[in-house]
Structures are given as structure tokens and as C-alpha cells.
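Participant: Sequence first, predicted coordinates after that:
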Amino acid sequence: MSPELRELFEIKQEEKKNNPPARQNVGTHVLIRLAVLILGTIAFSIAMSMASGWGVLGVAIYMVIFHSLWFLFILIEAIVLQSIEKLKLRNANLTLSGILLLIYGIAAIMIFLD
């Protein structure tokens with residue numbers, strides 16, 4: 001449509017802004033998420049080694065809750081990254097989730113199938 005007709009009918013056309021894609025540093029992204037997971041696991045492991053009796057089970061349950069919340073955070077972040085079109089970071093989150101599920105599966109097999 002010509003600019004004159006657009007002006008006559010008062011049709012406004014939005015101009016797309018050519019923003020450069022945001023820089024996606026996957027290494028830093030993965031390193032931060034793994035650091036949180038590993039430091040949390042180490043802290044709970046130290047707490048379990050200092051506890052005695054049923055306290056060990058309580059700390060282990062807290063560690064499972066921590067890992068579950070971390071996993072949920074990673075999945076929610078993957079959805080948010082999909083919506084803002086940061087696909088490399090989303091793929092990194094989904095890969096971390098898959099690796100974590102694999103590790104949990106192996107641990108469950110080793111614990112429950114003696």
C-alpha cells in the first residue's frame with residue numbers, strides 16, 4: 001500500500017526494529033547452574049555427615065527437595081528462554097535437565113535394586 005493511501009486511511013504500520021540478537025554465553029550459563037547444584041549438594045552432604053540418627057534422613061529429604069526445586073527452576077527458565085528466543089540457553093537448560101534425570105535414574109536403580 002502506498003504511503004499516501006496509508007495516510008489517507010490512517011493505517012499505521014509498525015516498523016520492525018532490527019535489534020542485534022542478544023549474546024548467549026552458554027559456558028557461563030551452564031557453569032552458574034552447575035555451581036549452585038554442586039555447592040548445595042556439598043552443603044547438604046556436610047550437614048548429613050554431622051547429623052546423627054533420624055537427622056540424617058531429614059537432611060536427605062531436604063536435599064531431595066532442594067534438587068527438585070532446582071530442577072523445576074531449570075525447566076521454568078527453559079520455558080522463559082524459549083519465549084524470549086534465546087534458544088542456545090534453552091537447549092543448555094534442557095540438556096542439564098536430561099543429564100540430571102539420567103543421574104537420578106541411575107541413583108534410583110542403585111538404591112532400590114540391591
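Facilitator: Looks like it arrived, so ask away.
Participant: Tell me where the longest helix sits in this structure.
Facilitator: helix 54-83 (DSSP state H).
Participant: what comes up buried for whichever helix or strand comes after that one?
Facilitator: Once helix 54-83 ends, the next helix or strand along the chain (criterion: DSSP states H and E) is helix 87-112. For helix 87-112, burial by neighbour count (16 or more other Cβ atoms under 10 Å) applies to L89, R90, A92, N93, L96, S97, L100. Every C-beta, even on glycine, is put in place using the N, C-alpha and C of the backbone.
Participant: ok, the second one - contacts?
Facilitator: Yep, that's R90 we're talking about. Going by Cβ atoms under 8 Å, 6 or more residues apart in numbering, R90 touches A78, L81, Q82.
Participant: Kindly tell me how buried the closest residue to it other than its chain neighbours is, as a neighbour count.
Facilitator: Among residues not flanking R90 along the chain, L81 sits closest, at 4.0 Å (Cβ to Cβ, 6 or more residues apart in numbering). As a burial measure, L81 scores 20 neighbours (other Cβ atoms under 10 Å).
Participant: Just the pLDDT for the residue nearest the centre of the chain.
Facilitator: In the chain, the centroid-proximal residue (Cα atoms, centre = their mean) is I74; its distance is 1.9 Å. On pLDDT, I74 comes in at 96.
Participant: same question, T41
Facilitator: Reported pLDDT for T41: 95.
Participant: can you check P3 too?
Facilitator: Reported pLDDT for P3: 72.
Participant: picking up where we left off before, any idea how far the longest helix of the chain is from the middle of the chain?
Facilitator: Centre-to-centre, helix 54-83 and its host chain are 10 Å apart (Cα atoms, centre = their mean, to the nearest Å).
Participant: That helix: which residues count as buried?
Facilitator: Neighbour-count burial for helix 54-83, counted by 16+ other Cβ under 10 Å, picks out V59, M63, F66, H67, W70, F71, I74, E77, A78, L81.
Participant: Could you find the closest non-adjacent residue to F44?
Facilitator: M63 (3.8 Å).
Participant: re the thing from before, what angle do helix 87-112 and the longest helix of the chain make with each other?
Facilitator: Angular relation of helix 54-83 and helix 87-112 on a 0 to 180 degree scale: 150 degrees, by axes from the mean of the first three to the mean of the last three Cα atoms, to 10 degrees.
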